[in-house]
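*Asks:* With the sequence up front, the predicted model follows.
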Amino acid sequence: QFALTQPASVSGSPGQSITISCTGANSDIGGYNYVSWYQQFPGKAPKLMIYAVNNRPSGISDRFSGSKSGYTASLTISGLQADDEADYYCSSYSSGPSLVVFGGGTRLTVL
Amino acid sequence: EVHLLESGGGLVQPGGSLRLSCTVSGFTYSNYAMSWVRQAPGKGLEWVSVISGTGADTYYAVSVKGRFTISRDNSINTLHLQMNGLRAEDTAIYYCAKDSTANSHNFGSGTYDFWGQGTLVTVSS
């Protein structure tokens, strides 16, 4: 199992907004602001979408946003588009035993 | 342009060894910690190991500690993962990943802004 807990799947219609939660503990999400979100398409490498809880790398649409409360982080995608359909993973810096922990991933389906 | 390219994957028998390499370009390699992250077929991401920019410090996941060794050669912009005592559960795509924070002396932020395309390791008899 994975240190961070994500829903296995979420879905939404084009134009709608969805939120993916990521629950950890005080030793990871709760203790650090190094929470990241990655998007992964089948057969491809992960792509950084959000870093340091709520920051977007250059080139990432502002439809993607992140937040954190306590030891739960969230990724919100607004104005859903068909090409948002992918797997999404959260990660966090951790005090141990692993330096970095990931969630199990959430499959986003755009209806 | 930042580029990471893994090599060295393949089929190996249980108990065997394999050495993965990752060649990088497009950034000052020695300024960044580098990590290996793996993904078993159809499964999620698992962090494996990290090495500081200088190469002086390393850290491993419990699942691979004592069997895997991470190293780097800053003179030729290369990262390695020596994998010994391989087990069926080590079967995965192995990605090398660049930390987003420039600091040669620690493990960075654990945020990965660039990834390689991955190399598949299959452990089976």
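*Replies:* Received the coordinates, thanks. Residues are numbered from 1 along each chain as shown, chains lettered A, B, ... in the order given.
*Asks:* can you pull the contacts of B:Thr111?
*Replies:* B:Thr111 makes contact with A:Tyr34, A:Ser36, A:Leu48, A:Tyr51, A:Ala52, A:Ser91, B:Asp99, B:Ser100, B:Thr101 under the criterion C-beta atoms under 8 Å, 6 or more residues apart in numbering or on different chains. Heads up, the C-betas are built off the backbone N, CA and C, glycines and all.
*Asks:* measure it to B:Tyr60 for me?
*Replies:* As judged by C-beta to C-beta, to the nearest Å, B:Thr111 and B:Tyr60 stand 19 Å apart.
*Asks:* can you give me the strands in chain B?
*Replies:* B:3-7, B:10-12, B:18-25, B:32-39, B:45-51, B:58-60, B:68-73, B:78-83, B:92-102, B:112-115, B:119-123 (DSSP state E).
*Asks:* I'd like to know the beta-bridge partner residues of the residue most central in space within chain B.
*Replies:* Centroid check for chain B by C-alpha atoms, centre = their mean gives B:Trp36 as the closest residue, at 2.6 Å. B:Trp36 forms beta bridges with B:Ser49, B:Cys96, as assigned by DSSP bridges.
*Asks:* Same list (the strands of chain B) but as JSON lines, adding mean pLDDT.
*Replies:* Output for these, formatted as JSON lines (pLDDT from 0 to 100):
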{"stretch": "strand B:3-7", "mean pLDDT": "98"}
{"stretch": "strand B:10-12", "mean pLDDT": "98"}
{"stretch": "strand B:18-25", "mean pLDDT": "98"}
{"stretch": "strand B:32-39", "mean pLDDT": "97"}
{"stretch": "strand B:45-51", "mean pLDDT": "97"}
{"stretch": "strand B:58-60", "mean pLDDT": "96"}
{"stretch": "strand B:68-73", "mean pLDDT": "98"}
{"stretch": "strand B:78-83", "mean pLDDT": "98"}
{"stretch": "strand B:92-102", "mean pLDDT": "96"}
{"stretch": "strand B:112-115", "mean pLDDT": "98"}
{"stretch": "strand B:119-123", "mean pLDDT": "98"}
